[in-house]
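**Q** Predicted coordinates and the sequence they were generated for:
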Amino acid sequence: MTVFTLRQLEYFVAVGETGSIARASERINVSSPSISAAITQLEQTFGLPLFVRQHAQGLALTAGGRRMMDQAQKVLSGAQAMHDVAADITGSVRGPLSVGCLVTFAQLVLPMLRRGYEERFPEVRFQQTEMNQAELFSALRRSDIDIAMTYDMDIPADLQFSGLIRLRPFALLAAEHPLASGPDVSLDALSQLPMVLLDLPISADYFLSLFATCNLEPNVAERTRDMAVMRSLVGNGFGYSIANVRPQSDISPDGKPIRCVPISGDVRVLRMGLLTAQGAARSSVVQSFLQFATDCARADSFAIIGGETIL
């Protein structure tokens, strides 16, 4: 019976993917002689050459080596899946976790939350993705992500939302704008000014709906799908914009001062929270992230972005 170890397969795959024992050594933090010895042992075990040395170009997989690496990747993936199933059965918090986050606030929320979560649960393999609202819905339905952080904007019936904090909308204005120094600003006053619309799916509908509810129509002068571009356009006087998450700097990306001014009146407040597939089985890893985010909200960890805890 052919005998080999998962560790040998891991070294083999690393060399196959990097094309070099030295680069594989750096990737998996194992000495080059140990990797070289493992490759030799595998070639002897299987009775075929896995690599050919190309002058000045490192190692290249042989035809047989390519087929063997495809199978080795499947074996390693299967072995990891068995560990993940065992962790789920025993309730251990271990395994993969894929989190999607709305692009408009991902930079301000997710890294902070992820750092604390990984420190508490070091055996979780965390992967993050930034998307717009429509993309988050699709990713959850395809099971490309396990959970999403987003707003309660147009949530479909087949997805389940759990709110964490409330976020009132505010206007972003250039610091020298006459309305930037006031305690608040009305939608009526804003509707008379040029608007820089953050033109993302569903998000843009929310911003425009604030005016429609008051029978007003904004003067959309600029559109952008990039938060940084939006803030620079505002800082350079091309118009105001609307957001719900307070930026951590009152300077635009190109160095212009900007101000956040609350919008007065009865305006729709968004809830930021966690979104999962309705009725989907939740692993111990997903449950742990839900609880961790809830604990952070209760500890007022989101106050830095202007959030008001609702738990």
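**A** That came through, no problem.
**Q** Pairing partners for the strand or helix carrying Leu172, with directions?
**A** Take DSSP states H and E as the rule and Leu172 turns out to sit in strand 170-174. Strand partners for strand 170-174, identified by DSSP bridges, are recorded as strand 241-243 (antiparallel), strand 258-262 (antiparallel).
**Q** now the helices for this structure?
**A** Along the chain, counting by DSSP state H, helices occupy 6-18, 21-28, 32-46, 63-90, 106-120, 133-141, 187-190, 203-212, 227-235, 284-298.
**Q** Show the average pLDDT along the shortest one.
**A** The predicted model assigns helix 187-190 a mean pLDDT of 97.
**Q** And that helix, what does it pack against?
**A** Under the contact definition 3 or more CB pairs under 8 Å, 6 or more residues apart in numbering; DSSP states H and E, helix 187-190 sits against helix 203-212. Glycine gets a C-beta too; all of them are placed from N, C-alpha and C.
**Q** Who are the packing partners of the helix it packs on?
**A** helix 187-190, strand 194-198.
**Q** Make CSV out of the helices of the chain and add distance to Leu275 and mean neighbour count.
**A** Converted to CSV, those look like this (distance: least, CB to CB, whole Å; neighbours: other CB atoms under 10 Å):
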stretch, distance to Leu275, mean neighbour count
helix 6-18, 34, 19
helix 21-28, 34, 17
helix 32-46, 42, 15
helix 63-90, 21, 14
helix 106-120, 14, 16
helix 133-141, 7, 19
helix 187-190, 28, 18
helix 203-212, 15, 18
helix 227-235, 20, 22
helix 284-298, 11, 18
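**Q** For Gln128, the count of nearby residues, please.
**A** Look at Gln128: counted by other CB atoms under 10 Å, it has 16 neighbours.
**Q** could you list every residue that touches it?
**A** 98-101, 106, 110, 114 (CB atoms under 8 Å, 6 or more residues apart in numbering).
**Q** Tell me the one of those nearest Ala204?
**A** Ala106 (17.4 Å; CB to CB).
**Q** Correct me if wrong: the closest one contacts Arg114.
**A** No - the pair Ala106 and Arg114 does not pass the contact test of CB atoms under 8 Å, sitting 10.4 Å apart.
**Q** can you tell me how far Leu9 sits from Gln71?
**A** Per CB to CB, to the nearest Å, Leu9 is found 9 Å from Gln71.
**Q** Residue ranges in the stretch 101-250 of the chain under the pLDDT threshold?
**A** Applying pLDDT under 70 to the stretch 101-250 of the chain flags no residue at all.
**Q** would CSV of the helices of the chain with distance to Ala221 be doable?
**A** Listed next are the helices of the chain as CSV, based on distance: least, CB to CB, whole Å:
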stretch, distance to Ala221
helix 6-18, 49
helix 21-28, 49
helix 32-46, 59
helix 63-90, 51
helix 106-120, 25
helix 133-141, 24
helix 187-190, 12
helix 203-212, 14
helix 227-235, 9
helix 284-298, 36
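**Q** out of these, nearest to Gly306?
**A** Gly306 lies closest to helix 106-120 among the helices of the chain, at 10.0 Å (CB to CB).
**Q** hmm, who's touching the closest one?
**A** For helix 106-120, contacts defined as CB under 8 Å, 6+ apart pick out 99, 101, 124, 126, 128, 130, 149, 227, 245, 247-248, 272, 288-289, 292-293, 296, 301-302, 304-305.
**Q** In strands only, show me those residues.
**A** Among the contacts of helix 106-120, the members falling in strands (DSSP state E) are 99, 101, 124, 126, 128, 130, 149, 272.
**Q** State the number of residues packed around the third one.
**A** If I follow you right, that is Val124. Neighbours around Val124, by other CB under 10 Å: 20.
**Q** do the same with the fourth one
**A** For Phe126, the count of nearby residues is 16 (other CB under 10 Å).
**Q** OK, contacts around the closest residue to it other than its chain neighbours?
**A** For Phe126, ignoring the flanking residues on the chain, the nearest one in space by CB to CB, 6 or more residues apart in numbering is Leu97 at 5.4 Å. By CB under 8 Å, 6+ apart, Leu97 lies in contact with 124-127, 146-147, 285-286, 289.
**Q** I'd guessed Ser98 sits against Ala148; true?
**A** No - in this structure, Ser98 is not within contact of Ala148 by CB under 8 Å, at 9.7 Å.
**Q** Compare neighbour counts for these two and give me the winner.
**A** Ala148 (25 against 18).
**Q** The closest residue to Thr224 other than its chain neighbours and Asp254, how far apart?
**A** Closest residue to Thr224 apart from its sequence neighbours, by CB to CB, 6+ apart: Met230 at 5.1 Å. Distance, Met230 to Asp254, using CB to CB: 12 Å.
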